[in-house]
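In: Quick one, fold the following:
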Amino acid sequence: MGESIVITAIVILIAVFSVIGGAFVVVQQGTVSVLTMFGKYRRVLYPGLNLKIPFLETVFRRISIQNQSIELQFQAITQDQANVNFKAMLLYSVVDQTEQIIKDVAFKFIDFSSLMQTLNRTVEGSVRGFVATKRQNEILGLRRDIVSAVKDQLDEDLKSWGYHLIDIQLNDISFDETIIQSMAQVVASSNLKAAAENEAQALMIRKTRAAEADGLAIKISAEAEKQASQLRGEGISLFRQEVAKGMNKAAEEMRAAGLDSSFILFSMWTDAIKHFAENGKGNVIFLDGSNEGLDKTMKQMMALSQVQSLNPTQNRETLRN
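Out: Here you go, the predicted structure:
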């Protein structure tokens, strides 16, 4: 009899403690708990120690209100049929802790894996729809535009599920191996083309500068030759003027001394022959040294002297020129 009383008391104590223990619920910081009773939504429990009706109210789901991330991998096809592989990181969180938002988060999806699958397919569909309108050579430069397009569509869907999109990052954008090789060939050929164009431009610049330098040198040389010719002409003119003056003065002095002025021409002729002999450097000069030749030469010089005496002014101008 005593043993049965003890067993009954123990059972009663266990039942009491079970009821008391079942009436208390501890909710961790950063999470909230959704209670249901008889399968119907009852209320939300917030972080800390909470009371519930034992055996009637049950914790349906614990929901994290902290930031959450998920990594996604998918593939898209460009307008020119190139396969593009994407790796994206999605950062999201519950909008707030209000009752309606918590109910949306708890009851919109049957479980967390369904939410992740929907997020993955939604992001993949947005990226594929955007990439399908672009060509492969445009994709790498449109990372920001792709992110913006996904955010605009995904943020509205997440709000209807009780979540808020914080950020999305495209960590990797890659093409198939065949596409990568063809793109590398395109870049290489483009670089070769640019190098050839630069080399051609450099060659053209060098040749242009060389032609300009040659033209300038020719111009300077022609100008110098022009000035030299002008100076030589002026020198010859001055020399002739001085010779004319000297011959005129010598002729006047000889006439004053009672000598024939034709002797000047004879003297100049003999001096010229002497100059030819001294500076001929081996050249042969044939002169008629006979008496007849000398007589002929003297007659020609006397005829020139008579012409000079008939028109001295004209002769002087001729010598000047």
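
In: From here on, just use CA atoms for contacts and neighbour counts.
Out: Will do.

In: Would you map the helices across this protein?
Out: 2-22, 99-107, 112-131, 136-139, 143-160, 177-256, 262-279, 291-310, 312-320 (DSSP state H).

In: Nearest to Gln28 among those would be which one?
Out: Closest approach to Gln28 among the helices of the chain is made by helix 99-107 (15.8 Å; Cα to Cα).

In: Could you export the closest one as PDB, CA atoms only?
Out: The C-alpha trace of helix 99-107 is given here as PDB (Å, rounded to 0.1, in the frame of the first residue of the first chain):
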ATOM      1  CA  GLU A  99       2.800  39.700 -37.000                       C
ATOM      2  CA  GLN A 100       1.600  39.800 -40.600                       C
ATOM      3  CA  ILE A 101       5.200  39.600 -42.000                       C
ATOM      4  CA  ILE A 102       6.000  36.700 -39.600                       C
ATOM      5  CA  LYS A 103       2.800  34.900 -40.800                       C
ATOM      6  CA  ASP A 104       3.800  35.400 -44.500                       C
ATOM      7  CA  VAL A 105       7.200  34.000 -43.800                       C
ATOM      8  CA  ALA A 106       5.900  31.000 -41.800                       C
ATOM      9  CA  PHE A 107       3.000  30.000 -44.100                       C
END
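
In: so where is the stretch 51-200 of the chain shaky, pLDDT-wise?
Out: In the predicted model, the stretch 51-200 of the chain carries pLDDT under 70 at residues 179-180, 183.

In: redo that, cut-off 50
Out: The model of the stretch 51-200 of the chain has no residue with pLDDT under 50.

In: got TSV for the helices of the chain, with distance to Ile77 and mean neighbour count too?
Out: As requested, the helices of the chain are exported to TSV (distance: least, Cα to Cα, whole Å; neighbours: other Cα atoms under 10 Å):
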stretch	distance to Ile77	mean neighbour count
helix 2-22	55	12
helix 99-107	33	17
helix 112-131	7	16
helix 136-139	9	15
helix 143-160	14	15
helix 177-256	12	13
helix 262-279	98	13
helix 291-310	111	14
helix 312-320	99	14
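
In: Turn the ones you listed into JSON lines, including distance to Val44.
Out: Below are the helices of the chain laid out as JSON lines (distance: least, Cα to Cα, whole Å):
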{"stretch": "helix 2-22", "distance to Val44": "17"}
{"stretch": "helix 99-107", "distance to Val44": "7"}
{"stretch": "helix 112-131", "distance to Val44": "19"}
{"stretch": "helix 136-139", "distance to Val44": "46"}
{"stretch": "helix 143-160", "distance to Val44": "19"}
{"stretch": "helix 177-256", "distance to Val44": "52"}
{"stretch": "helix 262-279", "distance to Val44": "132"}
{"stretch": "helix 291-310", "distance to Val44": "144"}
{"stretch": "helix 312-320", "distance to Val44": "130"}
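
In: so where's the stretch 201-321 of the chain shaky on pLDDT?
Out: For the stretch 201-321 of the chain, the ranges with pLDDT under 50 are 316, 319-321.

In: And Ser126, how far from Gln81?
Out: Separation of Ser126 from Gln81 (Cα to Cα, to the nearest Å): 17 Å.

In: Could you find the closest non-adjacent residue to Gln29?
Out: For Gln29, ignoring the flanking residues on the chain, the nearest one in space by Cα to Cα, 6 or more residues apart in numbering is Pro47 at 5.1 Å.

In: Pretty sure that neighbour sits against Val25.
Out: No. Using Cα atoms under 8 Å, Pro47 is not in contact with Val25, being 9.7 Å away.

In: Those two - which one has more neighbours?
Out: Val25 (18 against 14; other Cα atoms under 10 Å).

In: Enumerate every residue touching that one.
Out: By Cα atoms under 8 Å, 6 or more residues apart in numbering, the contact set of Val25 is Leu49, Asn50, Leu51, Lys52.

In: out of these, who has the most neighbours?
Out: Lys52 (16 neighbours).

In: Touching, it and Phe24? I think so.
Out: Yes. Here Lys52 lies in contact with Phe24, judged by Cα under 8 Å, at a distance of 6.3 Å.

In: so how far does stretch 103-120 reach from one end to the other?
Out: Terminal residues of stretch 103-120 lie 22 Å apart, using Cα to Cα.

In: So what touches it?
Out: Contacts for stretch 103-120 (Cα under 8 Å, 6+ apart): Val34, Arg61, Ile63, Ile70, Leu72, Val94, Ser160, Trp161, Gly162, Tyr163.

In: at 7 Å what do you get?
Out: By Cα atoms under 7 Å, 6 or more residues apart in numbering, the list of residues contacting stretch 103-120 from outside reads Arg61, Leu72, Trp161, Gly162.

In: ok, now stretch 52-68?
Out: Stretch 52-68 is touched from outside by 19, 22-24, 30-37, 91-94, 106, with contacts defined as Cα under 7 Å, 6+ apart.
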